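A.B. asks: got a predicted structure here, sequence first:
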Amino acid sequence: MLYKLFGLASIGYHFASIGYHLLNAVILIMDFVLLYLLARALAQPRVLALSISVVFMLVPNYSTDRFWIASAAANLSMGLSLLALHAHLQALRRTQSGFWRWETVAVLGALGSGFCYEVFLPLLIVATIFLLALEVKNHYSRSNAVRIFGKAALHQVAIVCAVALILVVKALWASRVPQNIELIGLGFYTGRQILKAGAINYGYHFLLLPSTTWHVLCHYAQPTIMVTSGIIGFAVWARLYTLPNPFTAAAAK
């Protein structure tokens, strides 16, 4: 596409690269805001929600997928998955009024995230199971256990169907999926790919993050960079923390 637009004129590619990085920065900031809102929606203290969001935005681990043009869909998929989780949580808190308005946003976010980059599907699946268990726990009654579980399960149907649709479409038409295997084999192949993606992204890049960080500190640490980044990071956090909470201010009015 760029070649058709600019041919051999290098200036066009430079402008396209600058535009891409600016857009990617906007999406990364959107991810930061959505993560903060999700943490606050889960009743986490503001200091903890802000700290997690700032560390998430500034931590160098897994930074390739944030800025590498070949992984441009990763940031957008991440933001849409966070939007889906936040909207789904809001829908569950409004089962009497406004449920489907928020749930529609959640489903659209889940579909957009999955079709952009399916690596965040395990997060949606785990979150759905967690929210199902949480709703059952909050409304549990021994006399109405079956009814409560059924009602809670119905509240998760839309998200589950969205995830199932993504898996079916990806399994049948994704270009990297082999097309010469039977349906059962295709199911096993898709399952293995999901487990592999989950092990890499939620194992190596999440559970092993302390080990990775320690390895970097031991072998690649530069005191000047560490001190400078620490000061800048704390300054960013302190400035954001002192800003008025727009939701509290709106409620006060």
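C.D. replies: That came through, no problem.
A.B. asks: determine the set of other helices and strands touching the helix or strand hosting Gly230.
C.D. replies: Counting by DSSP states H and E, the element that carries Gly230 is helix 223-242. Judged by 3 or more Cβ pairs under 8 Å, 6 or more residues apart in numbering; DSSP states H and E, the packing partners of helix 223-242 are helix 46-58. For the C-beta atoms, the positions are set from N, CA and C on the backbone; glycine is no exception.
A.B. asks: so which bits of the helix holding Gly230 are buried?
C.D. replies: The neighbour-count check on helix 223-242 (16 or more other Cβ atoms under 10 Å) flags Trp237 as buried.
A.B. asks: and for stretch 143-163?
C.D. replies: Here stretch 143-163 shows Ile148, Phe149, Ala152, His155, Gln156, Ala158, Ile159, Val160, Ala162, Val163 as buried, counting by 16+ other Cβ under 10 Å.
A.B. asks: where is the longest helix in this structure?
C.D. replies: The longest helix of the chain (DSSP state H) is helix 10-41.
A.B. asks: and that helix, what does it pack onto?
C.D. replies: Against helix 10-41 (3+ Cβ pairs under 8 Å, 6+ apart) you get helix 2-6, helix 46-58, helix 64-67, helix 72-92.
A.B. asks: can I get those in TSV with mean neighbour count and mean pLDDT?
C.D. replies: Formatted as TSV, the helices and strands packed on helix 10-41 follow (neighbours: other Cβ atoms under 10 Å; pLDDT from 0 to 100):
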stretch	mean neighbour count	mean pLDDT
helix 2-6	10	76
helix 46-58	16	81
helix 64-67	16	62
helix 72-92	22	87
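A.B. asks: pLDDT below threshold where in this protein?
C.D. replies: Counting by pLDDT under 70, the chain has low-confidence residues at 59-70, 174-187, 189-191, 193-194, 197-206, 209, 243-253.
A.B. asks: centroid residue for it?
C.D. replies: Met78 (3.4 Å; Cα atoms, centre = their mean).
A.B. asks: now that residue: how far from Leu121?
C.D. replies: To Leu121, Met78 is 12 Å away according to Cβ to Cβ, to the nearest Å.
A.B. asks: shared neighbours of those two, which are they?
C.D. replies: Ser113 (Cβ atoms under 8 Å, 6 or more residues apart in numbering).
A.B. asks: ok, the nearest residue to Phe32 once chain neighbours are set aside - contacts?
C.D. replies: Spatially, and ignoring its direct neighbours in sequence, Phe32 is nearest to Met57 (4.4 Å; Cβ to Cβ, 6 or more residues apart in numbering). Each residue near Met57 by Cβ under 8 Å, 6+ apart is listed here: Leu28, Ile29, Asp31, Phe32.
A.B. asks: pick the one among those closest to Trp173.
C.D. replies: Asp31 (27.6 Å; Cβ to Cβ).
A.B. asks: the closest one: what's it in contact with?
C.D. replies: So Asp31 contacts Phe56, Met57, Asn75, Met78, Gly79, Leu82 (Cβ under 8 Å, 6+ apart).
A.B. asks: and which of those is nearest Ile11?
C.D. replies: Closest to Ile11, out of all of the contacts of Asp31 and judged by Cβ to Cβ, is Asn75, at 26.0 Å.
A.B. asks: which residues of the stretch 101-250 of the chain fall in helices?
C.D. replies: Secondary structure of the stretch 101-250 of the chain (DSSP state H, counting those that start in this stretch): helices at 121-138, 145-155, 157-173, 183-199, 209-219, 223-242, 246-252.
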